[in-house]
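In: sequence first, predicted model second:
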Amino acid sequence: VPGCGRGYSLVPLSQGNRFIVGLDISKTAQQSAQDYLNSISYAKDKYKLINESFFDIKQNDEYDFAYDYTFLCALEPLLRTLWAQTYSRILKKGGKLMTVVFPLSAYNPKDPNSGPPYTLSVELIENLLSSHFDKIYEKKLNDNEHHPNRPSTFVIWQKK
């Protein structure tokens, strides 16, 4: 989970005997995630927190799953191609990338490149990923399936 922030997504994603890695470049965010996981007495053998830039990950074909919800929308648009290249490098063949595409509307309607967060669309992400990933599932989330005031689309991609 790149840009794992406070670590809230780590717990549900590690269910079912999965081991999860939370990655954040911010030491403050990493400490917040550790504090949160400690506060709920979450088993240390279920996760690892790494203080590193997503783009500097050294592993190749290491991961079979990745989750991106509010990471891509926080990156400057000029980093989007590098984002896609990094996922294609670190995920194993057949690995899955789960994205929750948000925000779907512009932060500033007069300037769609304003942000962060920066406006996203399924089509934009598909253009970024299509050379290395196939879209295998897409669902526009209902109001009771996303955070309040965050209309989103859930998409799963599989590495070719």
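Out: Okay, I see it.
In: which strand or helix spans the nearest residue to T81 once chain neighbours are set aside?
Out: Leaving aside its chain neighbours, T81 sits nearest to L128 (6.6 Å; criterion: C-beta to C-beta, 6 or more residues apart in numbering). C-betas here are computed from N, CA, C, even on glycine. Assigned by DSSP states H and E, L128 belongs to helix 122-129.
In: contact partners of that helix?
Out: The contact list for helix 122-129, computed with C-beta atoms under 8 Å, 6 or more residues apart in numbering, reads 72, 80-81, 83-84, 87-88, 97, 99, 101, 135, 138, 153, 155, 157.
In: pull out the buried positions in that helix.
Out: Buried residues in helix 122-129, defined by neighbour count with 16 or more other C-beta atoms under 10 Å: 122, 125-126, 128-129.
In: following element in sequence after it, please.
Out: Taking DSSP H and E, what comes next after helix 122-129 is strand 133-140.
In: can you pull out the strands in this protein?
Out: Secondary structure of the chain (DSSP state E): strands at 20-24, 47-51, 63-68, 91-101, 133-140, 153-159.
In: most neighbours per residue, which of those?
Out: strand 20-24 (a mean of 22; mean count of other C-beta atoms under 10 Å).
In: quick one: average confidence on it?
Out: In this model, strand 20-24 has a mean pLDDT of 95.
In: any idea how far A66 lies from S88?
Out: Using C-beta to C-beta, to the nearest Å, one gets 11 Å for the distance from A66 to S88.
In: likewise for G5?
Out: From G5 across to S88, the span is 24 Å (C-beta to C-beta).
In: same question for S41.
Out: For S41, the distance to S88 - C-beta to C-beta - is 37 Å.
In: ok so, going back, so which of the strands of the chain comes closest to S14?
Out: Taking C-beta to C-beta, strand 20-24 is the member of the strands of the chain nearest to S14, at 4.0 Å.
In: what's opposite the most centrally placed residue in the chain in the beta bridge?
Out: Residue closest to the average C-alpha location in the chain (C-alpha atoms, centre = their mean): D68, at 1.4 Å. Bridge pairing for D68 (DSSP bridges) gives the partners T99.
In: isn't it up against F102?
Out: No - when contacts are counted by C-beta atoms under 8 Å, D68 is not listed as touching F102 (10.2 Å).
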